[in-house]
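1. Got a predicted structure plus its sequence, pasted below:
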Number of protein chains: 2
Amino acid sequence: MGKKWYVGADIGGTTIKLAFVSDAGEIVTKWEIPTNKKDAGKHITTDIAHSIEQKVKDLGFTREVLLSIGVGAPGFINMETGFIYQAVNIGWVDFPLKEQLEAETGLPVTVDNDANIAALGEMWTGAGEGAKDLLCVTLGTGVGGGVILNGNIQHGVNGMAGEIGHYTSLAEGGAPCNCGKTGCLETISSATGIARLAVEGIHLYPDSGLNSVYQTNNSITAKDVFDAAKEGDEFAEKVVTEVCFHLGLALANLANALNPEKIVLGGGVSKAGDLLLKPLKKQFERFALGRVAEGCEFKIATLGNDAGVIGGAWLAKQK
Amino acid sequence: MGKKWYVGADIGGTTIKLAFVSDAGEIVTKWEIPTNKKDAGKHITTDIAHSIEQKVKDLGFTREVLLSIGVGAPGFINMETGFIYQAVNIGWVDFPLKEQLEAETGLPVTVDNDANIAALGEMWTGAGEGAKDLLCVTLGTGVGGGVILNGNIQHGVNGMAGEIGHYTSLAEGGAPCNCGKTGCLETISSATGIARLAVEGIHLYPDSGLNSVYQTNNSITAKDVFDAAKEGDEFAEKVVTEVCFHLGLALANLANALNPEKIVLGGGVSKAGDLLLKPLKKQFERFALGRVAEGCEFKIATLGNDAGVIGGAWLAKQK
C-alpha cells in the first residue's frame, strides 16, 4: 500500500483547521482556511473540498492518497446522520454536513462535535495516550468536555454527553450562565469565570497586586490571576483555591461514577500548569474515593490546537 | 436446538440467589441457598455447583441444558480474571471465583459486582428495557449505582465505576460515611440517611406525626417519613425535599456529563413511588440542561430481587 492519509477538519466560528494525518496519528501537513459564514454557511463544504484538493496537488499527489474525512463542528449534531441541528456561531440550521461534504469530496465523512474530536485527539496521540477511560475538560472561554469510556467517545441519548461545563457547582446564588441556568462550573472555572471572580472580589483586597492590573486595564484576566498567585498574592491565591475547589469537587464526583484513568485538562487556563494542577489535585483527593483517586492521573493536554484535526482523523480511521 | 438456559447467580452476605434464565430473559426457575461463610467462604462455589446440578435434575433435565453462568458478587472484582480482591461480607480475600466455579461446574463463568448485574438485569427486561444509556441507582441501606453506556456496564480503570453513593453532596459539614469521607450522597438519600435526617430534625417539629412514631419505636424509618409525607406532614415533607434536592442535583450533574435515556431507581426507598419521583424530577429539572432533561426518563426498577439473577444471565449470554 502506498501513502494513505486521513483528513481531519475542525470547523470553528472564525477558521477551519485542516490536516492530513498518517495512520499512526502524525500530522503530514496542516493548514487553515477562513470560515465563510455567507449565506448561512452554505459555502463551507465547497471551500473545504477545494482546499483539500488543492493541498493534495501542492504536495504532488493525487486524491487517491486520501482515505476518509473526520470533521468536528460546533453545535448539536446527529451523530448517525451527520446532520447539524444548529451551529449558532456559523449560521447552520438543519445542515446536512456529512452528506454535503461527501458529495463535494467523494470521500466518506464522519462528523462529531468539536469538543469530542479534541478529546479523541488527546486520547490518540496526546496527554491521554494509552488510556481507554478518560475525561477531557477544556477550560477556555467556557468549559467543555469529552467523556471517553472503553476508548469510545460518549454521546448519550441525544448527543449532549460531555457537558461538564454545565455541572451545577452552586445550587443557589450562583452567577448566570449562557445556558440559562445559574451556578454552572463554567461560571467559575472557565477563563471568563476566573476573571469574573477576580473582578468581583478585588475591592476587598486593596493591597493585592491585581488591583494595579485592574486599574491599568480595567479588567483582570485568568492569566493575571495565575501570574499573581505565582508571586504569592493572597487574593489571587484565594481565587485559585475557589476555582480549584469547585473544579476538583465536580471532577471527583464524576470520577466516583466513571473511575477514569486520566483527566486531561486543556484550554487556555490549563497553561497555568502546576499552579492549577497542585491545588486541583488536593481538592480532587478530598472528594474522590481513595481507590478512584489512586487510579486517576491528571494531565495537561499536549496537542493544543492540533487536537481537533488529529481527533478528526482518528474518527475517520475508525469508520 | 433444544432448551438452553443461562444460569444467573447473585451472591449476597446472607443468601445466594440462583435462577435458570431463557435466551429471552425469562426466569425458568429461581431459588435461594444460604451463603456458607465458613472457612472464609471457600465452600460457596461447591454449594452453588451442587445446587445447580440438583435443580437441573429436579426439573428432569441433564446439565447439557445449561450454557454458561453469570455471577454477581459483592466487593472489588477484577473483571478480566474474575478474581475477588475482597468481599468483606463474605470473607473472601483474593478469591478466584471465576476459576473455581468453572472448575466445579464445568461451565464458562463471568463475574461482575452485584450492583452491576442488577443494573444489567433492569436494562435487559426491567425498567431500563430498550435503553442503551442508563444510570441505575439503588437506594437501600446504602446508595449503589450502575452506569450503562452503549449497552455496556462501565467498570472504569480499576472497577470502581458506578460509585454514585459516594458523590459528595456536602463538601463541608456532612455526616460521616462508611467510606471514610463525609457528606456522601449515601449519608442523605439512602434509607439510613433519610432515617438519620428525620431523627436529627424531629425535636424541631414537636407537632409532626413522626414524633409519636419516634416516641413509640425510638426510631424513624425511611418508610415512616414517606408515609407521613403522604399525609401532608410538614416535617416529613421537609425531609423528602432535602433528600430529593441532593439526589436530584447529583443525578442532574451526572446526567449533564452522560446524557442518559433513563434513570432507574431501585432499592427499598424507591418503593415510595411518586412520593419520591415527583419532587425528585422537579429538582433534577432545575439542574439538568434542558435538552438533557428532555431526553431522560425516570423509572422505578421493576425486577426487585430478581434483577441480579437476570443480569447475571445477561452477562453469561454476552460472553
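-> Yes, it's here. Numbers count the residues shown, from 1 in each chain, chains lettered A, B, ... in the order given.

2. Kindly export the helix or strand hosting A:Leu210 (C-alpha atoms) in CSV.
-> A:Leu210 is part of helix A:209-217, with elements assigned from DSSP states H and E. Backbone C-alpha positions of helix A:209-217 (Å, rounded to 0.1, in the frame of the first residue of the first chain) are rendered in CSV as follows:
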residue,chain,number,x,y,z
GLY,A,209,-1.1,43.2,43.0
LEU,A,210,-4.2,42.5,40.9
ASN,A,211,-5.5,45.9,41.9
SER,A,212,-3.0,47.8,39.8
VAL,A,213,-3.7,45.4,37.0
TYR,A,214,-7.3,46.2,37.3
GLN,A,215,-6.7,50.0,37.4
THR,A,216,-4.5,49.9,34.4
ASN,A,217,-6.5,47.6,32.2
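
3. ok and the residue in the stretch 101-250 of chain A nearest chain B?
-> A:Gly156 (2.2 Å; Cβ to the nearest Cβ). C-betas here are computed from N, CA, C, even on glycine.

4. what's the closest residue to that residue other than its chain neighbours in contact with, if anything?
-> Nearest residue to A:Gly156 in three dimensions, chain neighbours excluded: B:Asn259, at 2.2 Å (Cβ to Cβ, 6 or more residues apart in numbering or on different chains). Taking Cβ atoms under 8 Å, 6 or more residues apart in numbering or on different chains as the contact definition, B:Asn259 lies against A:154-161, A:163, B:133, B:292, B:295-296.

5. Please enumerate the strands of chain A.
-> A:5-11, A:15-21, A:27-34, A:66-73, A:76-78, A:83-87, A:92-95, A:109-113, A:134-139, A:143-149, A:152-153, A:262-266, A:297-300 (DSSP state E).

6. The ones you listed into a markdown table, with extra columns for mean neighbour count, distance to B:Asp58 and mean pLDDT?
-> Compiled in a markdown table, the strands of chain A are given as follows (neighbours: other Cβ atoms under 10 Å in any protein chain shown; distance: least, Cβ to Cβ, whole Å; pLDDT from 0 to 100):
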| stretch | mean neighbour count | distance to B:Asp58 | mean pLDDT |
| --- | --- | --- | --- |
| strand A:5-11 | 27 | 59 | 97 |
| strand A:15-21 | 23 | 62 | 97 |
| strand A:27-34 | 15 | 66 | 97 |
| strand A:66-73 | 25 | 57 | 96 |
| strand A:76-78 | 20 | 53 | 82 |
| strand A:83-87 | 18 | 56 | 83 |
| strand A:92-95 | 17 | 61 | 90 |
| strand A:109-113 | 24 | 54 | 94 |
| strand A:134-139 | 28 | 49 | 96 |
| strand A:143-149 | 27 | 42 | 94 |
| strand A:152-153 | 20 | 44 | 92 |
| strand A:262-266 | 26 | 51 | 97 |
| strand A:297-300 | 17 | 53 | 98 |
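
7. Redo the ones you listed as CSV? Include distance to chain B.
-> Shown next, in CSV, are the strands of chain A (distance: least, Cβ to the nearest Cβ, whole Å):
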stretch, distance to chain B
strand A:5-11, 21
strand A:15-21, 26
strand A:27-34, 29
strand A:66-73, 17
strand A:76-78, 8
strand A:83-87, 10
strand A:92-95, 16
strand A:109-113, 12
strand A:134-139, 8
strand A:143-149, 6
strand A:152-153, 7
strand A:262-266, 9
strand A:297-300, 10
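
8. Throw those strands into JSON lines and include distance to B:Asn116, thanks.
-> Shown next, in JSON lines, are those (distance: least, Cβ to Cβ, whole Å):
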{"stretch": "strand A:5-11", "distance to B:Asn116": "36"}
{"stretch": "strand A:15-21", "distance to B:Asn116": "37"}
{"stretch": "strand A:27-34", "distance to B:Asn116": "40"}
{"stretch": "strand A:66-73", "distance to B:Asn116": "33"}
{"stretch": "strand A:76-78", "distance to B:Asn116": "30"}
{"stretch": "strand A:83-87", "distance to B:Asn116": "34"}
{"stretch": "strand A:92-95", "distance to B:Asn116": "39"}
{"stretch": "strand A:109-113", "distance to B:Asn116": "28"}
{"stretch": "strand A:134-139", "distance to B:Asn116": "20"}
{"stretch": "strand A:143-149", "distance to B:Asn116": "14"}
{"stretch": "strand A:152-153", "distance to B:Asn116": "18"}
{"stretch": "strand A:262-266", "distance to B:Asn116": "22"}
{"stretch": "strand A:297-300", "distance to B:Asn116": "24"}
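
9. circling back: which of the contacts of B:Asn259 lies at the shortest distance from B:Gly193?
-> B:Cys296 (23.5 Å; Cβ to Cβ).

10. these two touch, right, that closest one and B:Pro260?
-> Yes: between B:Cys296 and B:Pro260 there is a contact at 5.8 Å, judged by Cβ atoms under 8 Å.

11. okay, and the common contacts of these two?
-> Taking Cβ under 8 Å, 6+ apart as the criterion, B:Cys296 and B:Pro260 both touch A:Val157.

12. So what are the structural domains in chain A, by residue number?
-> When chain A is parsed with automatic domain parsing, its domains come out as A:5-121+A:306-318, A:129-302.

13. contact partners of stretch A:271-284?
-> Contacts for stretch A:271-284 (Cβ under 8 Å, 6+ apart): A:222-223, A:226, A:229-230, A:240-241, A:244-245, A:247-249, A:251-252, A:255, A:265, A:269-270, A:293, A:296, A:298, A:300.

14. actually stretch A:223-236, not the one I typed
-> A:194-195, A:198, A:201-202, A:204-205, A:207-210, A:213, A:237, A:239-240, A:268, A:271-272, A:275-276.

15. of all the domains of chain A, which lies closest to B:Lys181?
-> Going by Cβ to Cβ, the one of these nearest B:Lys181 is domain A:129-302, 7.2 Å.

16. What is the end-to-end distance of the closest one?
-> Counting by Cα to Cα, to the nearest Å, the length from the leading to the trailing residue of domain A:129-302 is 10 Å.
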